[in-house]
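*Asks:* The sequence and its predicted three-dimensional model are supplied below.
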Amino acid sequence: MKRVFLVFTPLERKLRFRAVRNKFLNRTSFLTGFIPAVFLLIVTPCFASSQKLPIIDGKEIVAMVNDEPITLEELNNAIASIHTEMTEEKKTGSIDYSAILNRLINIKLILQEARNVGIDELPQIKDIVDKYSRETLTGLFRRQYVKEVKVDEEEVDKFYKEAVKEWKIKSVLFEKEDEAKKIEEEIKASKNFDDIAKKLVAEETAKEDQEGEYLRDKDFLPDISAALAKMEIGSVSPVIKVGESFVILKLEDVRFTENPEVREQVKQELLNRKRGEALQEYGESLIKEYVEIDKELLDSLDYDSAIEEFQKLLKDSRVVARIKGEKPVTVGELTEAVKKEYFHGVEGAIRDKKLNDKKKEIVENILLRVVFVKEALKQGIDKTGAYKDMVKEYENSVVFETFINKVITPDIKVSNDELKEYYNKNIDEYSYPEMMKINSLVFKETNAAKDAIDKLRKGTDFKWLSANAGGQVDKNTKGLLRFEGNVLIIKKLPEEIQKILSGVNPGDFRLYESPEGYSYVLYIQDVLPPRAQPFENIKEIIMKRAYNDKLKKTIEEWIDKLREFYEIEIYATDLK
C-alpha cells in the first residue's frame, strides 16, 4: 500500500500552528500547551522568575536545548494557552510550570531532530512554507496599509440611524388588485385612511395586516421597505403588490432606538468597507506602476467556447501580463486560476457562458497578490519581528507534523491480537452499565407506602393499585423523582437509591424514603446486568485508541533517546 505523506497546506493557514499542535496534542498529552502567543487573544496568568536569567538578543532564557534557547516569553505563551483551555474548576488549582517547560523542551527536541534528518529541506516543505510566507507578508502589508483608515462619525450616525430606524404602520390587505385600486382612489379623495380601513375590515372586504407595532427594515419585504423609504409620517402609500395580494399602508410614526452594539457593528462594517476600497485603489495604482497587461490578448481569450478549448489554454505559454522584476503571468497560469475558482469543474460555467466575465477579475487578483508582495518587500515588512515569528511558527508546525507522519507513524502498527488485548484490558470502558426498568408509586406517608408494598407482594396488580391507592403524591409535584417504567442506568441514580437496589431481582419491590419526605414504592420490572459490547462492533473505536496510545508511547520513547544525545540546560530552576 502506498503511504500517504501528510503535511499542512497554505489553504489551512487560518488554523496555523494551533491546529497542527492541537491535532497532535489530542493524542499525545505530554505536549499540551504548545501554542504560540501571536494567536492568543485574551490576557492570562504568566510565570515570573525570581532568578536572574541569562539574556540572548534581549530576551530572558529559561532553558537551552542543544544551543537553541527557550525564552521566558515562550514559556508564558505556553502557560497562557493551557489556561485558555482549562475549565473554571481547574483554573483554581496551581499550574505546574516545570512540567510545561519540559513539554517545550520535548517539542524543541523533536523539531531539532526533524531538521537534523532534513525534513525542513524537503522541496514540498519549502514550497508550502514559501507560499505561506508570501500570504503572511501580504496580510501584514495590507493590515499596515489600512490601519490609518478612519470612518467619518457623521457617516456612522447616518447609517446607524437607518439601522435602528423603526416604522409604525397600519395597513389593509386585498386579494384583488382592482379592489385595492378602487380603495386607493377613495382614500385619496377623502384623505381618511383610518375610517375607510376600519370599515373595510368590518365588512370583511379587506384584512387588517399591521397595526400598532414598531418594525425595522429587516421585518419588511423589499417592496414594502422601498415604499416606506419615500413616505412621510401620516402619508398613505399607493397599492403595493405583495406576493399574490395587494397592500395599502399608512405610516403612523418613525422612531430611532438606542443600541450601542448596533452602532459599533455599523462602524466596523463601514470601516471594513473603507479599508477594502482603500486597498483596492492602492492595488490598482501598484498594478499601473509595475504591470503591463496585454489587453488585446486578454480580450481574445474565449473561455466560454468549449471545454476542449479551455483545456488547450491550460498549456498556453503566451504572456498575458509582464511585471517589473517578476516572473510574467502566462495564459496557462491565468487559465489554471480560472479553473481553481470552480471546485466542481468548469464545464457548467462554460455551458452557462460565465467564464469570460470572470477572467479580468481573476487576472487582477493574481496581479494584486504579486504587487502587494513586491511592495511589502520594498517596505521591509519581511524584516519585522512579527513576520519572522509567524513564518517561523508555521514552518515549525509543518516540520513537526511531517516528522511525526514520515518518521514515527510508519513504524506504528496494531495487530488484531493487540486490539483484542487492549479490549480485554479495558473491558469496563467498553461495557454497557447495569440498568433496570423501574416503575414507582409515591406516597405522602411511609405507612401507606409499606401497606402498598405488602399488597403488591400478595399479588395486587401494580396498575390497579396505582389508579386506586389513596395518599399518593400528585405526579406533577415539583422535585419528584420520575421512574415511570423507564430503563435507567443505576450509577446515575442517587447513591441512596443505588444501595436500596443492590441485589434486587425482576419483580422485587423496595421502599425509598427521600430527603423531601416522600415514600417511594420502587417496582423493579427488569434487571439488565453489565455486559461487554461485542468486539467486532467497536473494533474501529478500539483501533483509534490503541493506535493513539501506541503513538504516544513511541513518541515518549523517541524523546527519552533524544534527551540522552542532546544537551539540555535549564536556567529557571525555581519553577513550581
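*Replies:* Perfect, I can see it now.

*Asks:* Residue 491 against residue 432, yeah?
*Replies:* No. Using Cβ atoms under 8 Å, residue 491 makes no contact with residue 432, being 11.5 Å away. For every residue, glycine as well, the C-beta is placed using N, CA and C.

*Asks:* Could I get the full set of helices for the stretch 251-400 of the chain?
*Replies:* For the stretch 251-400 of the chain, the helices defined by DSSP state H, counting those that start in this stretch cover 260-290, 295-300, 307-313, 331-340, 347-351, 355-378, 385-403.

*Asks:* got those as TSV, with mean pLDDT and mean neighbour count columns?
*Replies:* TSV is the format used below for the helices of the stretch 251-400 of the chain (pLDDT from 0 to 100; neighbours: other Cβ atoms under 10 Å):
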stretch	mean pLDDT	mean neighbour count
helix 260-290	94	14
helix 295-300	94	12
helix 307-313	93	14
helix 331-340	93	19
helix 347-351	90	15
helix 355-378	93	18
helix 385-403	93	19
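
*Asks:* Now render those as TSV, adding distance to residue 507.
*Replies:* Formatted as TSV, the helices of the stretch 251-400 of the chain follow (distance: least, Cβ to Cβ, whole Å):
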stretch	distance to residue 507
helix 260-290	61
helix 295-300	86
helix 307-313	74
helix 331-340	70
helix 347-351	67
helix 355-378	75
helix 385-403	59
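
*Asks:* could you measure residue 288 against residue 371, distance?
*Replies:* Residue 288 sits 10 Å away from residue 371, going by Cβ to Cβ, to the nearest Å.

*Asks:* now do residue 161
*Replies:* Counting by Cβ to Cβ, the gap from residue 161 to residue 371 is 39 Å.

*Asks:* give me every residue that touches residue 318.
*Replies:* 294, 297, 330, 331 (Cβ atoms under 8 Å, 6 or more residues apart in numbering).

*Asks:* for the third one, what are its contacts?
*Replies:* Shown here is residue 330, whose contacts under the criterion Cβ under 8 Å, 6+ apart are 316, 317, 318, 319, 320.

*Asks:* what's across from it in the sheet?
*Replies:* Note on residue 330: beta-bridge partners residue 319, judged by DSSP bridges.

*Asks:* Let me know the pLDDT of it.
*Replies:* Residue 330 carries a pLDDT score of 96 in this model.

*Asks:* Residue ranges in the stretch 1-150 of the chain under the pLDDT threshold?
*Replies:* Within the stretch 1-150 of the chain, the stretches with pLDDT under 70 are 1-50, 83-94.

*Asks:* try 50
*Replies:* For the stretch 1-150 of the chain, applying pLDDT under 50 flags the ranges 1-44, 89.

*Asks:* sorry, back to before: pick the one among the contacts of residue 330 closest to residue 538.
*Replies:* Set against residue 538, the nearest of the contacts of residue 330 by Cβ to Cβ is residue 316 (55.1 Å).

*Asks:* pretty sure the closest one is touching residue 332, no?
*Replies:* Yes. Here residue 316 reaches residue 332: they are 5.0 Å apart, a contact under Cβ under 8 Å.

*Asks:* And residue 551, how far from residue 557?
*Replies:* 11 Å.

*Asks:* which one of those two has more residues nearby?
*Replies:* A direct count of neighbours by other Cβ atoms under 10 Å for residue 551 and residue 557 places residue 551 higher, at 18 against 11.

*Asks:* mind checking which helix or strand the more buried one is in?
*Replies:* helix 539-565 (DSSP states H and E).

*Asks:* for that helix, packing partners?
*Replies:* Applying 3 or more Cβ pairs under 8 Å, 6 or more residues apart in numbering; DSSP states H and E, we find helix 539-565 packed against helix 97-116, helix 416-425.

*Asks:* so how far is the last one from its chain's centroid?
*Replies:* When distances are taken as Cα atoms, centre = their mean, to the nearest Å, helix 416-425 is centred 36 Å away from the chain's centroid.

*Asks:* in that helix, what counts as buried?
*Replies:* 419, 422, 423 (16 or more other Cβ atoms under 10 Å).

*Asks:* any idea of the angle it forms with helix 539-565?
*Replies:* Interaxial angle of helix 416-425 relative to helix 539-565 (axes from the mean of the first three to the mean of the last three Cα atoms, to 10 degrees): 100 degrees.

*Asks:* by contact count, what packs against helix 416-425?
*Replies:* Packing partners of helix 416-425 (3+ Cβ pairs under 8 Å, 6+ apart): helix 539-565.

*Asks:* Tell me the gap between the helix it packs on and the middle of its chain.
*Replies:* Counting by Cα atoms, centre = their mean, helix 539-565 comes out at 29 Å from the chain centroid.

*Asks:* what does the helix or strand following it rub up against?
*Replies:* Of the helices and strands lying after helix 539-565 in sequence (DSSP H and E), the nearest is strand 568-570. Contacts to strand 568-570, defined as Cβ under 8 Å, 6+ apart, come from residues 62, 63, 64, 65, 66, 101, 105.

*Asks:* Out of the residues you listed, which end up buried?
*Replies:* Counted by 16+ other Cβ under 10 Å, those give 62, 63, 64, 65, 101, 105 as buried.

*Asks:* can you list those residues in a markdown table and add distance to residue 427?
*Replies:* Formatted as a markdown table, the buried ones among the contacts of strand 568-570 follow (distance: Cβ to Cβ, whole Å):
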| residue | distance to residue 427 |
| --- | --- |
| 62 | 44 |
| 63 | 43 |
| 64 | 47 |
| 65 | 42 |
| 101 | 38 |
| 105 | 37 |
